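Asks: dropping the sequence and predicted coords here.
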Amino acid sequence: MKLATLYSHGVAAGFPSPADDHKEKSLSLDQHLITHPAATFMARANGDSMQGLGIFDRDLLVVDRSLTPVHGDVVVVALDGQLTCKVLDRHHGRLLSANDRYPPIPVWEGQELIVEGVVKASIRYHRPL
Amino acid sequence: MLALVDCNSCYASCEQIFRPDLRGRPVVVLSNNDGFVVARSNEAKALGIGDLQPFFKIEHLLRRHNVAIFSSNYPLYGDISHRVMETLKGFSPEVEVYSIDEMFLNLYGLQEEWLDYGQRIRTTLWRDVRMPVSVGIAPSKTLAKLANRAAKKIAKCNGVCALDTPQKWQWLQKRMAVDKVWGVGRRLAKRLGRLGIETAYDLAQANPKILRRHTNINIERTIEELNGVSCLNLEEQPPAKKQIYCTRSFGEKLSELQPILQAVSLYASRAAEKLRGQECLVASIHVFLHTSPHEPHYYSRSTLVQCPYATNDTRLIASLAKGAITELYRPGHRFMKAGVGLVELVPSSLGQGDMFTAGQPARAAEMMQALDRVNQRFGRGTLFLGAEGVHKHWKMRQAYRSPAYTTRWEALPLVHV
């Protein structure tokens, strides 16, 4: 994915550009957002329980499975066999939504919580695709 | 030391990655055209579903046990296989892809507790890709294969088996039939049986000089390998294929010539694309067409076409294949399958014609390059021969195909928020 090339100057015909020595690599969103390509998948958000954190319906989620989930991470979990996005509350052993209409989901002692990956970024489209 | 990492029930496991509800449940994957069962999760195996069983015969059984059924989803399997490979590169700089679900790693120079190392490979692949694997570690490829089998079959191994001493591999060899040894087929096993060689251990102890007279030269290497001497190198680049076949069943039986011509044009295009991918030209083409053997008047014909010059031009290959199929075609049959095989290949560098022998025109090669680039950039099938037809009615049946979760924007997994 190429966004823009960073050239500092226009090029004067006939002369070697002084900018040539300062040419930089194009910015890549992939490089920026995806540190572990083999362990990263993309997913589509479906619902409104995470609006408080700016994750809206149809947003794109960049999910890295290789990261160790820590308290406060936005994570994708397997909940009742379904991929679900929540905030991990390690201290109280529960999953939180970012919307007052949804109560916290307790994870009972001994119940295994399977984190499917850490949401590294979410992408919002400001013009419908 | 070498490691063989093998994905467990690879295709079925791929289908479970984005469907946590299917983990621990029976899952089967069907072949191209939904004909046979080609992969089964452990739970499906436990139901007694065998390998390569015709779908129509066991469909009722699958439904009764609520088995999840999938058509093959090769874009997904290919992407997952690539991820497995990339993850494995973190464990060894030298990885050989042996098949879509098996990879050899060269562990030369590493000083590790092999069982720990194997477990680390397993947990990493599960964490990063959600692919369950078995790991066999041994000093030769043949032993690594054996170790991998043990890792799968013996529950106590917990998915990893390291055969790092003769005591260990001999223990296993004594318990393993000789036909389970890598490179020993059923026919060879029969012949060995007549010489009193029943187990892998018998073979490892056999005199190679004597066996050689009865079998072939490869068996000598196998014996060496069974004794921990590595004879088969890690090939980072698998050798180029000697022949390229593109053959498929039609989605429905076809009686008319027109749709068969279209299908064959597509097969020819695919084969030609692969041909260019390995930088070869083709000199002769094998074309065949047949009905189902269960039809009352089974009809099956094939022909070999000589190309006017060695070529990689899709247009020429497709038109030769179409000409051949027109000859093979007889009205009044319901055809099930056709195929195009590029059987006589020459490297592109040897295919230049000279002043006196006609070769492929330079412009044709350029055109093919342009075609491949467009299709690589904008997706397969963006540019295609009009001869393939626009509506491909004869296309494969894939009634149960899952989304291409990792390769198509419109097929991304949905996450409930």
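Replies: Yes, it's here.
Asks: chain neighbours aside, what residue packs nearest to residue B:137?
Replies: Once flanking residues are discounted, residue B:137 sits nearest to residue B:162: 4.2 Å by Cβ to Cβ, 6 or more residues apart in numbering or on different chains. For every residue, glycine as well, the C-beta is placed using N, CA and C.
Asks: what about residue B:296, how many neighbours?
Replies: Neighbourhood size, residue B:296 [other Cβ atoms under 10 Å in any protein chain shown]: 5.
Asks: SS state for it?
Replies: Under DSSP: H, G, I helix; E, B strand; the rest coil, residue B:296 falls in the coil class.
Asks: could you do the one 10 residues further on as well?
Replies: At residue B:306 the chain is in strand, as set by three-state DSSP.
Asks: beta partners of the closest residue to residue B:300 other than its chain neighbours?
Replies: Leaving out its chain neighbours, the residue that sits closest to residue B:300 by Cβ to Cβ, 6+ apart is residue B:290, at 3.6 Å. Residue B:290 has these beta-bridge partners by DSSP bridges: residue B:300, residue B:337.
Asks: the strands in the stretch 1-150 of chain B, which residues?
Replies: Taking DSSP state E, counting those that start in this stretch as the test, the strands found in the stretch 1-150 of chain B are B:2-7, B:27-30, B:37-40, B:68-71, B:95-99, B:102-106, B:133-138.
Asks: list the contacts of residue B:327.
Replies: Residues near residue B:327 by Cβ atoms under 8 Å, 6 or more residues apart in numbering or on different chains: residue B:303.
Asks: pretty sure residue B:44 sits against residue B:29.
Replies: No - if you go by Cβ atoms under 8 Å, residue B:44 and residue B:29 don't touch, sitting 9.5 Å apart.
Asks: joint contacts of these two?
Replies: residue B:12.
Asks: looking at those two, which one has more neighbours?
Replies: residue B:29 (27 against 23).
Asks: distance check, the more buried one against residue B:256.
Replies: To residue B:256, residue B:29 is 32 Å away according to Cβ to Cβ, to the nearest Å.
Asks: same deal with residue B:173?
Replies: Distance of residue B:173 to residue B:256, computed by Cβ to Cβ: 57 Å.
Asks: neighbour-wise, which of the two wins?
Replies: residue B:173 (24 against 11).
Asks: looks to me like that one is in a strand.
Replies: No - counting by three-state DSSP, residue B:173 is not part of a strand but helix.
Asks: quick one, helices of the chain?
Replies: Picking chain A for this. Remark: helices assigned in chain A by DSSP state H are A:29-33.
Asks: if you could check chain B rather than the one you did, that'd help
Replies: Taking DSSP H to define them, one finds helices in chain B at B:10-17, B:42-46, B:55-64, B:74-88, B:114-129, B:141-153, B:166-174, B:186-194, B:200-205, B:208-214, B:218-226, B:257-277, B:314-328, B:362-378.
Asks: mean pLDDT lowest where, among those helices?
Replies: Comparing mean pLDDT across these, the weakest is helix B:208-214, with a mean of 78.
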